[in-house]
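Sharing a sequence plus its predicted fold:
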Amino acid sequence: MLGAVLAGGRSKRFWGDKLLFRIGGRPLISYTLERIESASLIEEVVIVASADNAGRLRSLGYEVVVDELSIGPIGGVYTALGLGDAFVVAGDMPLIVPEFVDLMIQKFLGSEKLACVPRWTNGYLEPLHAAYSKAFRRVLEERIRSGDYSLNGAIRSADVCYLNVEKLPSLWKEGFFNVNRRSDLRKLLERKSE
Ligand SMILES: Nc1nc2c(ncn2[C@@H]2O[C@H](COP(=O)(O)OP(=O)(O)OP(=O)(O)O)[C@@H](O)[C@H]2O)c(=O)[nH]1
């Protein structure tokens, strides 16, 4: 399956481009790319970037697909699914666990659903850590056309399957960690050194 790494945000809370911010001598997004690439069921990895970010990201050596919509993560998923079924992850999730990616893809392939999305017991979804079919693109298209840019809303409206993440090993749950603020980098370094 295709691995699509979203890189289209504005990094407002980070005050500067977080995805290319160097940590441990490498851009933050390179950790996400490397980890998703090492999942056994991922055949190819692309970066789905906003037009603003695309040029800078090309130096990383991955195919960069431009998300022309720039309406938030829903536009990134929509663009990714133009290439086929995809496991989509946010570029700012450097602790993503390859074994978890494989588990989600297996669940998705066995389900015949439009998507498979991790869900916490309180109902919170992890839509930027999920497997989507290219058929789900039609659902997204309708929602986008109607002016509704909520990816969670689109997921909840469709025939999808969920994976309860509460019972996963704690190391796997760390995979949902994402960097929003500079203070999150400290948390990242602590977790990496544990
Ligand atoms: N392709 C694409 N990716 C996006 C878009 N908006 C956000 N993303 C990505 O989705 C993920 C989650 O984004 P957010 O944390 O909600 O937003 P952000 O812009 O990264 O950060 P803030 O500006 O601080 O909210 C990140 O990997 C972003 O790069 C978009 O319009 N297109």
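It's in. Worth saying up front: this structure is predicted, and the values here are computed from it rather than measured.

Run the contact check for the worst-scoring helix or strand of the chain on mean pLDDT versus the ligand.
The weakest-scoring helix or strand in the chain, judged by mean pLDDT, DSSP states H and E, is helix 183-193 (a mean of 80). No - under the criterion of C-beta under 6 Å from any ligand atom, helix 183-193 makes no contact with the ligand; the nearest approach is 10.6 Å. (C-beta placed from N, C-alpha, C; glycine too.)

cool, and stretch 51-68?
Yes - judged by C-beta under 6 Å from any ligand atom, stretch 51-68 and the ligand are in contact via residue 67.

Tell me the residues of the protein that contact the ligand?
6-14, 48, 50, 67, 70-73, 75-76, 90-92, 128, 180.

Next, the residue positioned nearest the centre of the chain: secondary structure please.
Nearest residue to the geometric centre of the chain (C-alpha atoms, centre = their mean): residue 89, 1.4 Å. Following DSSP: H, G, I helix; E, B strand; the rest coil, residue 89 is assigned to strand.

Also the one 4 residues further on?
For residue 93, the secondary-structure state derived from three-state DSSP is coil.

what about it, distance to residue 51?
From residue 93 across to residue 51, the span is 22 Å (C-beta to C-beta, to the nearest Å).

Tell me, please, where in this structure the pLDDT is lower than the cut-off.
Scanning the chain for pLDDT under 70 picks out the ranges 192-194.

swap the cut-off to 80 and go again
Residues of the chain meeting the criterion pLDDT under 80: 190-194.

And the strands in the protein?
2-7, 22-23, 26-27, 44-50, 63-67, 86-90, 115-119, 129-132, 161-164 (DSSP state E).

Now tabulate those strands in TSV and tack on distance to residue 140.
Formatted as TSV, the strands of the chain follow (distance: least, C-beta to C-beta, whole Å):
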stretch	distance to residue 140
strand 2-7	13
strand 22-23	32
strand 26-27	28
strand 44-50	13
strand 63-67	12
strand 86-90	11
strand 115-119	10
strand 129-132	9
strand 161-164	17
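
ok, now which ones touch residue 98?
By C-beta atoms under 8 Å, 6 or more residues apart in numbering, the contact list for residue 98 reads 35, 36, 38, 39, 40, 42.

Report the buried residues of the longest helix seen in the chain.
Looking across the chain with DSSP state H, the single longest helix is helix 98-111. Neighbour counts over helix 98-111 (16 or more other C-beta atoms under 10 Å) mark 98, 100, 101, 102, 103, 104, 105, 107, 108, 111 as buried.

Could you export those residues to TSV, including columns for distance to residue 189?
Shown next, in TSV, are the buried residues of helix 98-111 (distance: C-beta to C-beta, whole Å):
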residue	distance to residue 189
98	21
100	22
101	23
102	27
103	27
104	27
105	29
107	32
108	32
111	37
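
Go through those and name the one nearest the ligand.
Of all the buried residues of helix 98-111, the ligand sits closest to residue 101, with 15.8 Å by C-beta to the nearest ligand atom.
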